[in-house]
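J.: sharing a model that was predicted from the sequence below.
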Amino acid sequence: MREQRKKIALWLLFAGPIAVFSVWAVVDNAPLYFKTLLNGLTLASLYFLVASGFTLVFGLMRNVNLAHGSLYLLGAYVGWIVGENTGSWLLAVAAGFLSAAVLGLLMQVFIFRFMEGQDLRQTLVTIGLAIVFADLMLWAFGGEIYTFDPPAWIYGSTVLPVVEKFPTYRIAVLLAAIVIGIGLWSFLARTRIGMMIRAGVDDRGMLAASGVNVQLIFAVTFAIGAGLAGLAGVVGGTALSISPGEDTRYLLASLVVVIVGGMGSVVGASIGALLIGLAEQFGLAYAPTYSVVFTFVIMVVALAFRPRGIMGRAA
Amino acid sequence: MSAAQWRRAMNSAATAAAPTTARPAPSARPASPSAPGVDVIATPTWLSRLAARIRLRHLVVLAAVVLYPFVASPFFTYQIGAQSLALGLIALSLTFLGGYGGMVSLAQMTIAGLAGYLVAIFGTSSMVSISLGWPWWLAVPFALLGATVFAAAVGWLSVRTEGIYTIMITLAIGVAFFYLAQQNYTVFNGFQGLSKIAAPELAGIDFREPVGFYFVALGCALAGYFLVKHLVRAPFGVALQGIRDNPRRMESLGYHVTAHRVAAYAVAGLLAAVGGVLMVWYNGRISPGTVNLAQMISILVIAVLGGMKHPIGAFVGAVVYVLLQNFAIDLFVRERFNLVIGGVFLAIVLFSPDGLLGLWAKLRSSLGRPEISHQKRRPQ
């Protein structure tokens, strides 16, 4: 009973101000509010794509892959080359996924396999790799800003009620993220290998003891997680642009999303991505010079009340 | 509790030595890193105890760093010497936190940067509308205080979770601070940052001169070094190392684990803040570029490069880092400094986790010399 009352009080504490703000903002300028809402959802779907791979890899291998942002950028650059040469955006997406997945696989097979259980050392290695990758990509691609053209069928803008015009591509990103999210969830919940991954998240030692080739599971998970980052690179590069420094941005986003949402949980990543994406866009629209502070406040509040994240469990 | 955790708990219970968990009485002090036999000597006066601890190599190093500015060119005194000392001091804060507290924080550069910003905001800079124009002897203590409080807050936030989470939370805090400094114009003056922050002049010594600044930096670095050396042997430091090795056991022994950890963050924050003030005097300006991700990581690189098992590692790492920064690019391809430093860092992490100090120890033992005692802080 007391627990319940405490819960209700907490909800009121957080939902109350948001509701008051929403009512004020809708009355004040409805199109701006809803446009910001849609932009926030688009950004949230991008963040979800990047962070879901990050959280998967951490959940299973306890590997904080700080080179995750580099995988995003690599996928974007490779996708750009393929897109330029073939003219096909879908091929570019596939190339982004594959290139990042292969690099992730190589990292797992040649480096991380040999330092299992040494959390800190693995993380330091990923930092070193991130520095090297960032500089190599700067070398190869220079400091210019690259942009993709989305295919014709999702180009232009769609007329929506209230908001009026909104880029079709962003709606497509939103839908794609939902599809990928559901796909990832059903892969984890319904397939045999997904079951093994979940078992590994809960207890690695037990999974190995029951005769599963854990190294194979690790490699598959790392490839999928890295691939998702690469895919997000092409998708995000189309929505915004690609330039050096984007790796840091998406690394920060992934970090905050999984800290808020809870490590190792895909559902947590989606909740965290929603919170952070919306907070960032609303912050940019309504309080431009302090928008980062909102992201930060969400993280602090989440840590203060749920140190392991909203969906996190004791590891 | 999972099987892996049990294994870890059993292992750490087996290896965690009694001295670290015992009540830290003066007599139960672990052997001094520099002089293993110091506890055997029972001389009452502190002077002879001090003398017993000093080895020839200490005097050689001290003489070298004091005489250095008189033989080196101003470039070497200022760009190499003073910068290494300032960076080393910031890295020392990470060594203290990571090596003795088991908490690897990436936010040390952020704390240093905040101290630098506060000096500029409280003191004088080119932005009259932002700077309050306090004299330096008022601005600096308040900047140190502000940064230390911030460091304690960061600590309080990150010790709510453990282990590898720390690195992520501190990284997120640091990057968030960078974006805030870049976006905000009312306090941090955005992308431009604050410039024309001059080191003060005191008792006829101009701190802006290479030699004067070098000695200020040297004084701060030595003070920081001996503070850490003292702390890790004091009850607080011993308890901290106990918490690093086995927080549960320390908790059941009645130690307040969270309080010790937050205090460690505060101490490290003070060290980093002093380093940050030196950095801002060295550069004469501060901008978001000082606290960006690359700079945050460079502090980690310096600490790991030197080795986190002994406070001197931070300064060794800083000297190597600054030398690489200044000269490696001339030998190698220009502007590929990050590649060089990233490669060196990777090589160290992959092949010698204890850094250059670890390599040195290996070299000594392979040459048949007795292994230096500080490589093994506790009996295995």
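T.: Yep, it's here. Because the structure is a prediction, the values reported are computed rather than measured.
J.: can you map out the strands along the chain?
T.: Using chain A here. A:157-160, A:164-167 (DSSP state E).
J.: nope, chain B please
T.: Going by DSSP E, chain B shows strands at B:201-202, B:205-206.
J.: chain B: which of the strands of chain A is closest?
T.: Across the strands of chain A, chain B has its closest neighbour in strand A:164-167 (24.5 Å, C-beta to the nearest C-beta). (C-beta placed from N, C-alpha, C; glycine too.)
J.: hmm, back to that, please identify the deepest-packed of the strands of chain A.
T.: For the strands of chain A, the largest average neighbour count (mean count of other C-beta atoms under 10 Å in any protein chain shown) is found in strand A:164-167, namely a mean of 15.
J.: contacts for that strand, please.
T.: A:31, A:35, A:38, A:156-160 (C-beta atoms under 8 Å, 6 or more residues apart in numbering or on different chains).
J.: what's the distance between that strand and the middle of its chain?
T.: Distance of strand A:164-167 from the chain centroid (C-alpha atoms, centre = their mean, to the nearest Å) equals 25 Å.
J.: next one: stretch A:83-100
T.: Stretch A:83-100 sits 20 Å away from the centroid of its parent chain (C-alpha atoms, centre = their mean).
J.: now for the closest residue to B:T110 other than its chain neighbours: which residues touch it?
T.: In this structure, B:T110 finds its nearest non-sequential neighbour in B:G174, 4.1 Å apart by C-beta to C-beta, 6 or more residues apart in numbering or on different chains. Listed by C-beta under 8 Å, 6+ apart, the contact set of B:G174 reads B:106-107, B:109-110, B:291, B:293, B:296.
J.: where does the prediction get shaky in the chain?
T.: Answering for chain A, as no chain was given. Along chain A, the model assigns pLDDT under 70 to residues A:1, A:161-163, A:313-315.
J.: to clarify, I was referring to chain B.
T.: Those would be B:1-44, B:46-47, B:49-50, B:163, B:201-207, B:329, B:331-334, B:368-380, if you go by pLDDT under 70 across chain B.
J.: can you do 80?
T.: Counting by pLDDT under 80, chain B contains low-confidence ranges at B:1-57, B:125-131, B:133, B:160-165, B:196-209, B:328-337, B:353, B:367-380.
J.: show me which helix runs longest in it.
T.: helix B:257-283 (DSSP state H).
J.: what's the answer for chain A, then?
T.: Looking across chain A with DSSP H, the single longest helix is helix A:30-61.
J.: quick check: buried residues in that helix?
T.: Burial within helix A:30-61, assessed by neighbour count using 16 or more other C-beta atoms under 10 Å in any protein chain shown, is assigned to A:33-61.
J.: ok so, going back, figure out which of the strands of chain A is closest to B:D354.
T.: Of all the strands of chain A, it is strand A:164-167 that lies closest to B:D354, at 53.0 Å by C-beta to C-beta.
J.: could I get that closest one in PDB with only the CA atoms?
T.: Output of strand A:164-167 as PDB, limited to C-alpha atoms (Å, rounded to 0.1, in the frame of the first residue of the first chain):
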ATOM      1  CA  GLU A 164       1.100  20.400 -41.900                       C
ATOM      2  CA  LYS A 165       4.300  19.500 -43.800                       C
ATOM      3  CA  PHE A 166       6.700  16.900 -42.400                       C
ATOM      4  CA  PRO A 167       9.500  15.100 -44.300                       C
END
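J.: pull up the pairing partners for that strand, direction included.
T.: Strand A:164-167 has its sheet partners listed here by DSSP bridges as strand A:157-160 (antiparallel).
J.: ok, and what's touching the strand it pairs with?
T.: By C-beta under 8 Å, 6+ apart, strand A:157-160 touches A:38, A:165-168, A:171.
J.: now swap in stretch A:61-69 and tell me
T.: Under C-beta under 8 Å, 6+ apart, the answer for stretch A:61-69 is A:50, A:53-54, A:57-58, A:71, A:107, A:112, A:116-117, A:119, A:122-123, A:126-127, A:129-130, A:133, A:218, A:221-222, A:225-226, A:229, A:246-251, A:254, A:315, B:164, B:167-168, B:171.
J.: list the buried ones in it?
T.: Of the residues in stretch A:61-69, those buried (16+ other C-beta under 10 Å) are A:61-69.
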